[in-house]
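*Asks:* Build me a structure from this.
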Amino acid sequence: MSRIFINYRRQDSEGYVGRVYDTLLQHFARGDIFMDVDSLKPGVDFVEALESAVAACDVLLAVIGPHWLSASDDAGNRRLDQWNDFVRIEIASALKQKKLVIPVLVGRATMPQAEHLPDALAELVRRNAIEVSHQRFGFDMERLIETIKGTLSAKVPPPTEAGPARQKDVLYKALRDDLVNATTSPLYAVRTENRYFPVLGEGSLDARIMFIGESPGKTEAAQGKPFCGPSGEVLDEMLQSIKLKREDVYLTNLVLDHPGAKREPTPEEITYYVPFVDRLIDIIQPAIIATLGRFAMQYIFRKLNLPEQRETITRIHGKLIKTRLHYGEIHIVPLFHPAVVLYTASQKEVLKQDFVKLTLFM
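*Replies:* All right, here's what the predicted structure looks like:
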């Protein structure tokens, strides 16, 4: 099911839509976003196919650029007035099905007036729009993403008699299944060739503290468990120093498959896996995200568009950074990766002192 449907006109807003789509991929799975009619198979009834795609979505983003209203065909006829116009079919179907339709204004476009729209689209003017500009792109997209996530969360079936934890279990199982079936991953071949496990994480789904590392090592991938090698022994010692157990927190990584060698993750790998990590954060909703190493730190800082994103971990480790996610206030605590102790023993005391900062939230 494509939970987010992006409706747009190529000659009007294609450049903007590509950037919007790339940003959405940092927060949602690729399969949750339907963007282009090119993904329809040849020979299908395109009206039925588009209406079915809209029916499967929860949110339709109607991207409106400066020429959205006046765009015409080669004969000079306005496209919105034509029965077979894709943009018209998709929006009209979403309105009829009472989907959440969010007009997204780009290129300094303004909302059209009802008298300038065909009857099937007249209701669009009653939908509150959001402007996404080049100057405030990060801020504007964060607002849009929070709105989408709020809508998708509301679509989750209500908790059963087992209570709220059961709802988390359902979402977590779906996430794990998606990771296991992530055959398009750049590391899937490494996983299958070596009979490794993907390593989603371990710990409490109700944890207040969530740790995000870099990527699982060979031992972790062989066992399907994060931080079970030498770095894990250091991490366990740090947790014990502040009277925490593994089952009290949640442990995961930025990349969820072993890269096949002891190396840094590539941008392609990070881009692929961060939607899974974002879904984990949404499920657990931690009060504190403790990043282990510079890659996880940079991911969180960029995700939240924090001013500290230009800082190095050497300068900012152990700092408490207050910010917000869609579910409320959180703190980010950047920490050195436990592996630093394996190479520089003197860093052990530094890491231990930084871990003490976490006791402020216990």
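*Asks:* contacts for the helix or strand containing Val17?
*Replies:* Assigned by DSSP states H and E, Val17 belongs to helix 10-24. Applying Cβ atoms under 8 Å, 6 or more residues apart in numbering, the contact partners of helix 10-24 are 4, 6, 8, 33, 35, 61, 63-68, 71, 104, 106-107, 132, 137, 141, 145. Every C-beta, even on glycine, is put in place using the N, C-alpha and C of the backbone.
*Asks:* Equivalent analysis for stretch 231-244, please.
*Replies:* 209, 211, 213, 217, 220, 226-227, 245-246, 248-249, 251, 292, 337-339, 341-342, 348, 351-352, 355-356, 358-359, 362.
*Asks:* In helices, which of these appear?
*Replies:* 220, 339, 341-342, 348, 351-352, 355-356 (DSSP state H).
*Asks:* May I see these arranged in JSON lines, with pLDDT as well?
*Replies:* Formatted as JSON lines, the ones in helices among the contacts of stretch 231-244 follow (pLDDT from 0 to 100):
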{"residue": "Glu220", "pLDDT": "93"}
{"residue": "Ala339", "pLDDT": "93"}
{"residue": "Val341", "pLDDT": "94"}
{"residue": "Leu342", "pLDDT": "92"}
{"residue": "Lys348", "pLDDT": "94"}
{"residue": "Leu351", "pLDDT": "95"}
{"residue": "Lys352", "pLDDT": "94"}
{"residue": "Phe355", "pLDDT": "95"}
{"residue": "Val356", "pLDDT": "94"}
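*Asks:* Now, of those, which are buried?
*Replies:* Buried members of the ones in helices among the contacts of stretch 231-244, counted by 16 or more other Cβ atoms under 10 Å: 220, 339, 341, 348, 351, 355.
*Asks:* so how far is Ile64 from the residue nearest to the second one when sequence neighbours are not counted?
*Replies:* This points to Ala339. In space, and not counting its chain neighbours, Ala339 is closest to Ser231: 4.5 Å by Cβ to Cβ, 6 or more residues apart in numbering. Ser231 sits 49 Å away from Ile64, going by Cβ to Cβ, to the nearest Å.
*Asks:* Among these two, which residue is more densely surrounded?
*Replies:* Neighbours per residue (other Cβ atoms under 10 Å) separate Ser231 from Ile64, with Ile64 holding more: 27 against 23.
*Asks:* what pairs with that one across the strands?
*Replies:* For Ile64, the beta-bridge partners under DSSP bridges are Leu105.
*Asks:* contacting residues for the closest residue to Tyr299 other than its chain neighbours?
*Replies:* Excluding the flanking residues, the one nearest Tyr299 by Cβ to Cβ, 6+ apart is Leu254, at 5.7 Å. Each residue near Leu254 by Cβ under 8 Å, 6+ apart is listed here: 212-215, 265, 270, 273-274, 277, 295-296, 299.
*Asks:* Can I get those residues in TSV including neighbour count and pLDDT?
*Replies:* What follows is the contacts of Leu254, written out as TSV (neighbours: other Cβ atoms under 10 Å; pLDDT from 0 to 100):
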residue	neighbour count	pLDDT
Ile212	24	98
Gly213	29	96
Glu214	22	96
Ser215	26	95
Pro265	22	94
Ile270	20	95
Tyr273	24	95
Val274	20	93
Val277	26	95
Phe295	21	95
Ala296	28	96
Tyr299	22	94
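*Asks:* Which members of those define the maximum pairwise distance?
*Replies:* Using Cβ to Cβ, the pair of those lying farthest apart is Gly213 and Val274, separated by 13.6 Å.
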